[in-house]
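Chemist: Return a 3D structure for these sequence lines:
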Amino acid sequence: MTRPGGLFNKIIRSHSNDEDTARRERILNTLLLSCGGLFVASFLISFYQYFTLQQYRGLYPVFFLLIIFWLGFLYWLSRTGKLKIASYLFLGSFALLPTYAIYHWGADVVAGLLFYILVIVMSGILLGSRGGLISTGFAILFLNVVTYLQVSKIIDPISYWKTKPFNLSDTFAVSIIFSIIAVVSWLSSHEVEKSLARARKSEADLKDERDSLEVKVEQRTKELKEVQAEKMAQLYRFAEFGRISSGLFHDLINPLNAVSLNLGKTDGTPEETKQYVSNAVRAAKKLEDLVVAVRKQLAREETKALFLADEEIGHVIEVLSHKAQQANVELRFIPRSDIKMFGDAIKFNQVVLNLVANGIDACMPPTAELVPVSSGDRWVEVSIIEEPETIIMVVEDNGVGIPEQHIDKIFEPFFTTKIKGQGIGIGLSMAKRIVEKDFGGLLTAKSEAGRGASFKVSLPVRKQAIEYAA
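Modeler: All right, here's what the predicted structure looks like:
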């Protein structure tokens with residue numbers, strides 16, 4: 001069932017997509033229906049008086065009926081998209097009343113002046129500012145013409161009403177005109193307020209859409225950066241091993257030479273032969289450890305399982321040992337065989353490799369902005385401890401350190417303080433992403449220029465690891 005308010009809104013509703021046109025059409029339809037209701041009531045009253053009380057003689061009921069049909073015709077024009085034509089005809093019809101009143105009763109008749117005010121207000125609303133100006137010009141011109149004709153005695157309007165006192169019927173008529181003006185103004189203000197409310201809502205929706213778009217763009221940019229960083233990280237791993245390949249081949253050749261030399265000796269005591277064989281076995285074991293470490297670093301498979309932290313750190317020490325020897329840097333690490341972690345061992349290996357390799361580079365001259373470390377005791381130390389809910393690994397060095405203005409930028413992709421050709425700024429950003437994304441941890445750094453740097457990796461003890469161990 002349709003509510004009365006809903007039915008009225010449906011009757012006055014505009015089909016135009018233009019907001020101004022729709023607003024004017026709703027106002028015109030409301031005025032037509034309101035005036036139509038007023039004249040229907042007047043028709044019924046006059047009809048009753050004409051046939052019952054016999055007070056009126058003439059065409060009063062027919063006059064009201066014709067006005068009702070005229071308003072219905074204007075409403076039909078408005079609903080069929082002929083808004084301007086309907087508005088001009090409606091305003092013209094309304095303007096006939098004050099025009100006739102002023103011409104018949106004089107330019108100073110109050111009702112005529114008030115009706116002209118009403119016509120000017122409605123013209124401004126229905127036809128825009130230009131329509132209001134045209135109506136005002138017409139009213140001023142007509143008043144001046146009628147006044148001139150009266151003064152010149154060319155026309156003689158009826159003026160007996162001027163000697164009559166202002167009575168209740170006159171007040172009632174003026175009150176009706178004021179009420180119509182108030183209704184027209186309210187309709188206009190109401191429609192303007194609705195338009196402003198829609199504009200504010202559109203502005204708020206646009207702001208929300210803009211904010212949402214900014215978030216989406218930022219998120220998409222972040223995703224693209226992550227994809228780009230991941231691809232660069234893969235290239236970085238190969239580039240890093242290209243840089244330390246000489247050390248790997250050196251450590252590969254030395255054990256093979258040891259095996260060849262030791263097994264090739266046939267003379268000597270049994271004790272010497274036993275020692276040679278023992279040296280060959282140790283060299284072969286070292287070769288095996290190196291191959292395992294390299295294979296882990298180059299692998300791309302993701303496998304989560306329980307692993308020993310010191311074992312992965314040891315593999316990194318093996319891979320970077322020759323690089324450290326060349327730089328005259330001591331790698332320090334005391335294994336803790338009781339610390340177990342749950343996750344991707346290869347990715348943890350990559351984090352340690354990046355941090356330790358950066359520590360070695362920090363002890364090697366030169367960098368882009370810092371002076372080389374003085375010769376002497378150079379070291380990179382890896383330590384790891386386990387707290388009740390956190391595993392903490394610290395990688396420290398006594399290298400050149402990080403300038404204060406760069407400490408907040410070192411984890412950004414492609415940011416580096418190394419000279420061109422020695423780094424592309426991927427290692428630390430990749431390590432931070434692995435720590436946060438894959439292990440749910442935190443990677444922080446502190447440093448003082450010329451006094452080394454310290455990187456702290458805080459990893460939560462995963463519930464899965466406890467369940468796995470149990």
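Chemist: For residue 127, which residues are in contact?
Modeler: Contacts for residue 127 were tallied using Cβ atoms under 8 Å, 6 or more residues apart in numbering; they are 84, 87, 88, 91, 134. In short, each C-beta sits where N, CA and C put it, glycine included.
Chemist: 6 Å instead?
Modeler: The contact partners of residue 127, by Cβ atoms under 6 Å, 6 or more residues apart in numbering, come to residue 87.
Chemist: Would you mind measuring from it to residue 119?
Modeler: Distance of residue 127 to residue 119, given as Cβ to Cβ, to the nearest Å: 11 Å.
Chemist: Repeat that for residue 323.
Modeler: Distance, residue 323 to residue 119, using Cβ to Cβ: 95 Å.
Chemist: what does residue 403 give?
Modeler: Distance from residue 403 to residue 119, by Cβ to Cβ: 79 Å.
Chemist: One more: residue 18?
Modeler: According to Cβ to Cβ, residue 18 and residue 119 sit 24 Å apart.
Chemist: ditto for residue 362
Modeler: 88 Å.
Chemist: can you check residue 34 too?
Modeler: Distance of residue 34 to residue 119, given as Cβ to Cβ: 16 Å.
Chemist: and if you look at residue 111?
Modeler: In this view, residue 111 and residue 119 are 13 Å apart by Cβ to Cβ.
Chemist: before we move on, the earlier item: who has more neighbours out of residue 18 and residue 119?
Modeler: Using other Cβ atoms under 10 Å, the more surrounded residue of residue 18 and residue 119 is residue 119, with 25 against 10.
Chemist: Wasn't the more buried one part of a strand?
Modeler: No. Assessed with DSSP: H, G, I helix; E, B strand; the rest coil, residue 119 is helix; it does not lie in a strand.
Chemist: give the contact list for it.
Modeler: Residues counted as contacts of residue 119 (Cβ under 6 Å, 6+ apart) are 94, 95, 135.
Chemist: What ranges does the stretch 101-250 of the chain have for its strands?
Modeler: Under the criterion DSSP state E, counting those that start in this stretch, the stretch 101-250 of the chain carries no strands.
Chemist: Listing request: residues of it with sub-threshold pLDDT.
Modeler: 166-170, 172-173, 191, 225-250 (pLDDT under 70).
Chemist: Look at residue 360 and report its pLDDT.
Modeler: For residue 360, the pLDDT comes out at 88.
Chemist: From residue 429, how far off is it?
Modeler: 19 Å.
Chemist: now do residue 71
Modeler: The gap separating residue 71 from residue 429 is 76 Å, by Cβ to Cβ.
Chemist: Same check on residue 451?
Modeler: For residue 451, the distance to residue 429 (Cβ to Cβ) stands at 24 Å.
Chemist: Specify which residue of those two has the higher count of neighbours.
Modeler: Counted by other Cβ under 10 Å, residue 451 and residue 429 do not tie: residue 429 has more neighbours, with 22 against 11.
Chemist: give the contact list for the more buried one.
Modeler: 411, 413.
Chemist: Now it: which helix or strand?
Modeler: Counting by DSSP states H and E, the element that carries residue 429 is helix 427-433.
Chemist: so where is the stretch 251-400 of the chain shaky, pLDDT-wise?
Modeler: Judged by pLDDT under 70, the stretch 251-400 of the chain has its weakly predicted residues at 251-302, 337, 365-376.
Chemist: And the helices in it, which stretches?
Modeler: For the stretch 251-400 of the chain, applying DSSP state H, counting those that start in this stretch gives helices covering 270-298, 309-326, 345-362.
Chemist: Repeat that for the stretch 101-250 of the chain.
Modeler: 110-151, 168-243, 245-264.
Chemist: Phi and psi next, for residue 459.
Modeler: Phi and psi for residue 459, reported as degrees, to the nearest 10, are phi -120, psi 130.
Chemist: before we move on, back to that, could you give me the average pLDDT of the helix holding residue 429?
Modeler: The model assigns helix 427-433 a mean pLDDT of 83.
Chemist: which of the residues in the following helix or strand past it are buried?
Modeler: On the C-terminal side of helix 427-433, the nearest following helix or strand under DSSP H and E is strand 442-447. Across strand 442-447, burial judged by 16 or more other Cβ atoms under 10 Å covers 443, 445, 447.
Chemist: Restricting the selection to alpha carbons, write strand 442-447 to CSV.
Modeler: The C-alpha coordinates for strand 442-447 follow below in CSV (Å, rounded to 0.1, in the frame of the first residue of the first chain):
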residue,chain,number,x,y,z
LEU,A,442,61.0,-7.6,13.6
LEU,A,443,64.3,-6.4,12.2
THR,A,444,65.9,-3.2,13.6
ALA,A,445,69.2,-1.5,13.3
LYS,A,446,71.3,0.8,15.4
SER,A,447,74.6,2.4,14.4
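Chemist: Packing partners of it?
Modeler: Using 3 or more Cβ pairs under 6 Å, 6 or more residues apart in numbering; DSSP states H and E, the elements in contact with strand 442-447 are strand 453-460.
Chemist: What are the buried residues along the strand it packs on?
Modeler: 453, 454, 455, 457, 458, 459.
Chemist: Which residues are in contact with the last one?
Modeler: Right, the one you point to is residue 459. Contact analysis of residue 459 by Cβ under 6 Å, 6+ apart lists 391, 439, 441.
Chemist: what do you get for residue 216?
Modeler: So residue 216 contacts nothing (Cβ under 6 Å, 6+ apart).
Chemist: could you check the distance from it over to residue 210?
Modeler: Residue 216 is 11 Å from residue 210, where distance means Cβ to Cβ.
Chemist: now residue 189: how far from residue 182?
Modeler: 10 Å.
Chemist: Can you give me the neighbour number for residue 203?
Modeler: A total of 10 residues lie near residue 203 under the criterion other Cβ under 10 Å.
Chemist: Also residue 98?
Modeler: Neighbour count of residue 98, defined by other Cβ under 10 Å: 23.
Chemist: Is it in contact with residue 112, as I believe?
Modeler: Yes. Residue 98 lies in contact with residue 112 (Cβ atoms under 6 Å); the separation is 4.1 Å.
Chemist: pLDDT score assigned to residue 454?
Modeler: Listed pLDDT for residue 454 reads 91.
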